[in-house]
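>>> test case, fold it:
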Amino acid sequence: MKTVHKLIVVIFTFLTLAVSAYAADDSPLFEAVKRGDKAAVEALLAKGADVNTKDTSSTGRGETPLHHAAFYGYAHICELLLAKGADLSAKDINGKTPTMWAAYKKNYDIMSYLEKQESLLMEREQRLKQASAHATGESLLYEAVKRGDKAEVEALLAKGADVNAKTNREWTPLHQALYFDRTEIAKLLLARMLEQARRNPRAAFVVLNEQLKDHPADKGNRRLIIKLASELKPAPAIPEEARKHFIEGTAIVKAAKNPAQQALAAQSFTEAVIIAPWWGDAYYNLGVAQELAEKYNEAEQAFNFYLLSNPGATEKREVQDRIYALSAKRKLLGAK
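Numbers count the residues shown, from 1 in each chain. The predicted structure is shown next:
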């Protein structure tokens, strides 16, 4: 009997420690939310903390982090939690939602914000039901991109909306995202388009390059080509004509005495990337020439294309810092 009693005690102790450890995993998230510490909340969620975890501690009432953010009046934490998938309809043990907690605390701005989010969520669900009634829902996808609604874009793609569908202007959803400066959505769409292109990458690469010849200003297509080329093994060969323009541009950069002459170098590098739109080094040199020509917006665009070519960590850091410096140069140019 002593042995059995001892075994029961050991098991009970183990279970107690396990439960305590589990609860402790969530407590830092609740504490960070209560402090309004956005950086800490982001870090904990990035490490895998459950955004919809419920407070099961001795003082808890089954509330989620969003309940606490609403209660303490932290709008920035509410926005972060919702962006990470917090459930607006989550209820505590008394059936109270985060919106109700905000109302109880008289945080009326938070209450109004959460009510608006609930309304948007209902509208989104309705649109998704409409998409189910259509063949693919591409028109809804374009509208979701235009509004900047990443969650709806993800939901529509999951339901089968065609990421490559084109309008009568030959625009894809990616073009729409770039036009309206929806950066995160553009990344999402680009990743999905790449996923499809990878099924037959060489063939897709040829087709995309042919399409770009007809529409050289197509930034969405250019991004796809650069990303796809960075993954191809062996890498696509650089045509001799592109190399000729590259060497010409390099020579002009070295000899140029003023911004106008640097603009000539930029023209040569532009010719190089028209012929070889996947060539990362040409985009880098184009960015340098545009910067020296005091065309800072164009330089930033070229550097961003270069970053898509999958450079090494050191090169990536150097170019990203150059992009930051371009912002300062634009400010100085505007102050003249």
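
>>> ok, G62 - how many residues close by?
Neighbourhood size, G62 [other CB atoms under 10 Å]: 15. Using the backbone N, CA and C atoms, a C-beta is placed for each residue, glycine as well.

>>> my bad, should have said A235
A235 has 12 nearby residues by other CB under 10 Å.

>>> which SS class is it?
Secondary structure state of A235, per DSSP: H, G, I helix; E, B strand; the rest coil, is coil.

>>> ok, it to A229 distance?
To A229, A235 is 7 Å away according to CB to CB, to the nearest Å.

>>> hey, what's in contact with both of the two?
Between them, A235 and A229 share no contacting residue under CB atoms under 8 Å, 6 or more residues apart in numbering.

>>> quick one: low-confidence parts of the chain?
1-26, 124-138, 335-336 (pLDDT under 70).

>>> centroid residue for it?
Closest residue to the average C-alpha location of the chain: E184 at 3.1 Å, with CA atoms, centre = their mean.

>>> in contact with that one, which residues?
Here E184 is in contact with K150 (CB under 8 Å, 6+ apart).

>>> please begin residue numbering at 574 from this point
All right, first residue 574 from here; so that's E757.

>>> so how far is I896 from it?
18 Å.

>>> same question, K868
14 Å.

>>> and what of V718?
As for V718, its distance to I896 is 25 Å (criterion: CB to CB).

>>> A838 too?
19 Å.

>>> swap in A790?
21 Å.

>>> neighbour count: the two, which is higher?
Neighbours around A790 and I896, counted as other CB under 10 Å, are more numerous at I896. The numbers are 18 against 7.

>>> might you report the residue contacts of that one?
By CB under 8 Å, 6+ apart, the contact list for I896 reads 873, 876-877.

>>> buried residues of the helix or strand hosting it, list them for me.
Taking DSSP states H and E as the criterion, I896 maps to helix 886-907. In terms of neighbour count (16 or more other CB atoms under 10 Å), helix 886-907 has its buried residues at 892, 895-896, 899.

>>> how many residues are close by S692?
S692: 10 neighbours (other CB under 10 Å).

>>> three-state assignment of it?
Going by three-state DSSP: S692 is helix.

>>> and the gap between it and M684?
13 Å.

>>> now A656
19 Å.

>>> give me the more crowded residue out of the two.
M684 (20 against 14).

>>> what's the helix or strand for the nearest residue to the more buried one once chain neighbours are set aside?
Spatially, and ignoring its direct neighbours in sequence, M684 is nearest to A675 (4.1 Å; CB to CB, 6 or more residues apart in numbering). In the assignment (DSSP H and E), A675 maps to helix 671-677.

>>> and which of the buried residues of helix 886-907 is nearest F644?
For the buried residues of helix 886-907, the closest approach to F644 (CB to CB) belongs to I896, at 40.5 Å.

>>> assign the residue nearest to K657 when sequence neighbours are not counted to helix, strand or coil.
Leaving out its chain neighbours, the residue that sits closest to K657 by CB to CB, 6+ apart is V624, at 4.8 Å. Under three-state DSSP, V624 falls in the coil class.

>>> cool, L763 as well?
Assignment for L763 (three-state DSSP): helix.

>>> quick one: it and G646, what's the gap?
The separation that L763 has from G646, given CB to CB, amounts to 38 Å.

>>> tell me how many other residues crowd R775.
R775: 11 neighbours (other CB under 10 Å).

>>> check which helix or strand covers it.
Using DSSP H and E, the element containing R775 is helix 774-787.

>>> run through who's touching the following helix or strand past that helix.
As assigned by DSSP H and E, the chain's next helix or strand after helix 774-787 is helix 792-804. If you take CB under 8 Å, 6+ apart as the criterion, helix 792-804 is touched by 745, 747-748, 751, 763, 766-767, 770-771, 774, 777-778, 781-782, 784-785, 788, 808-809, 850-851, 853, 856, 878, 881-883.

>>> of the contacts of I896, closest to G822?
Proximity of those to G822, judged by CB to CB, is greatest for F876, which lies at 15.5 Å.

>>> for the closest one, which non-adjacent residue is spatially closest?
G860 (4.1 Å).

>>> also D682?
Here the nearest residue to D682 in space, its sequence neighbours aside, is A648; by CB to CB, 6+ apart that works out to 6.8 Å.

>>> spit out the contact partners of that neighbour.
Counting by CB under 8 Å, 6+ apart, A648 touches 682-683, 686.

>>> what's the answer for N782, then?
For N782, the contacting residues are 798, 850, by CB under 8 Å, 6+ apart.

>>> so how far is T672 from it?
As judged by CB to CB, N782 and T672 stand 52 Å apart.

>>> any quick ChimeraX command for the buried ones out of the contacts of helix 792-804?
Buried residues among these (16+ other CB under 10 Å), as a ChimeraX selection:
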select :745,747,748,751,763,766,767,770,777,778,781,782,785,809,850,851,853,856,878,881,882
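
>>> many thanks, we can stop here.
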